[in-house]
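Engineer: Sequence and computational prediction follow.
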Amino acid sequence: GNSVTQMEGPVTLSEEAFLTINCTYTATGYPSLFWYVQYPGEGLQLLLKATKADDKGSNKGFEATYRKETTSFHLEKGSVQVSDSAVYFCALSDGATNKLIFGTGTLLAVQP
Amino acid sequence: DVKVTQSSRYLVKRTGEKVFLECVQDMDHENMFWYRQDPGLGLRLIYFSYDVKMKEKGDIPEGYSVSREKKERFSLILESASTNQTSMYLCASSSTGLNSPLHFGNGTRLTVT
């Protein structure tokens, strides 16, 4: 069945460091891929998405490229801020039902 | 902005009690979902609904039921709460458009003692 694997955290970085959170997926067909972010005490919110191979999603300085050949959707940011501290979830959807399958989440802690 | 409101932020119940978790959305979304979030397991889908009075099982429906009598409200019911149902419960809604984003509530932290 469909599944998402993302790197375990926590990831601890200093402010202005480069961020990569790895995400790989297993799916039949052509899923859409998402990154959601959960700030402390809040629900999840959509960060970015890509709906077909080679698409790049971007938002708030974060980027992720849909790589079909490596079945990956790694999240990157060039310079993190303390305010980026949160849990990041990679997810996929088969597009037909809008049901999402989530990874286990990666906690990012950015220190000043 | 879409608002998804979960009725309780924290809830403490005893084993065997019947528990209702309520969720209301204000954007006329057709789709509504209940997930539970546990450390190391991420989010797992319990039930979802595409329309009023319609429900579909997710990946972990055992021990749960749902009710959707009105479009804006989706209730999760624990018929007889057990300690392994202690968790964070997240409600979400979305429109029917392809790849429409899910909008989440802030969650209900349920503890069953």
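Structural biologist: Great, that's in hand. Residues are numbered from 1 along each chain as shown, chains lettered A, B, ... in the order given.

Engineer: quick one: pLDDT of A:Gly95?
Structural biologist: The model reports A:Gly95 with a pLDDT of 62.

Engineer: How about the one 3 residues further on?
Structural biologist: pLDDT, the model's per-residue confidence, is 70 for A:Asn98.

Engineer: Can you verify my assumption that it contacts B:Asn31?
Structural biologist: Yes: the pair A:Asn98 and B:Asn31 passes the contact test of CB atoms under 8 Å, sitting 5.7 Å apart. Using the backbone N, CA and C atoms, a C-beta is placed for each residue, glycine as well.

Engineer: Give the intersection of the neighbour lists for the two.
Structural biologist: B:Ser94, B:Thr96, B:Ser100 (CB atoms under 8 Å, 6 or more residues apart in numbering or on different chains).

Engineer: What's the ChimeraX line that selects buried ones from those residues?
Structural biologist: The ChimeraX command for the buried members of the shared contacts of A:Asn98 and B:Asn31 (criterion: 16 or more other CB atoms under 10 Å in any protein chain shown) is given here:
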select /B:94,100
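
Engineer: can you narrow the shared contacts of A:Asn98 and B:Asn31 to ones near chain A?
Structural biologist: Restricting the shared contacts of A:Asn98 and B:Asn31 to those touching chain A (CB under 8 Å from any CB of the partner chain) yields B:Ser94, B:Thr96, B:Ser100.

Engineer: you'd agree the second one is up against B:Glu30?
Structural biologist: The one in question is B:Thr96. Yes: between B:Thr96 and B:Glu30 there is a contact under CB under 8 Å: 4.8 Å.

Engineer: about what we covered before: the ones next to chain A among the shared contacts of A:Asn98 and B:Asn31 in strands, which ones?
Structural biologist: If you go by DSSP state E, these have B:Ser94 in strands.

Engineer: Kindly reformat the ones next to chain A among the shared contacts of A:Asn98 and B:Asn31 as TSV containing pLDDT.
Structural biologist: As requested, these are exported to TSV (pLDDT from 0 to 100):
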residue	pLDDT
B:Ser94	91
B:Thr96	83
B:Ser100	84
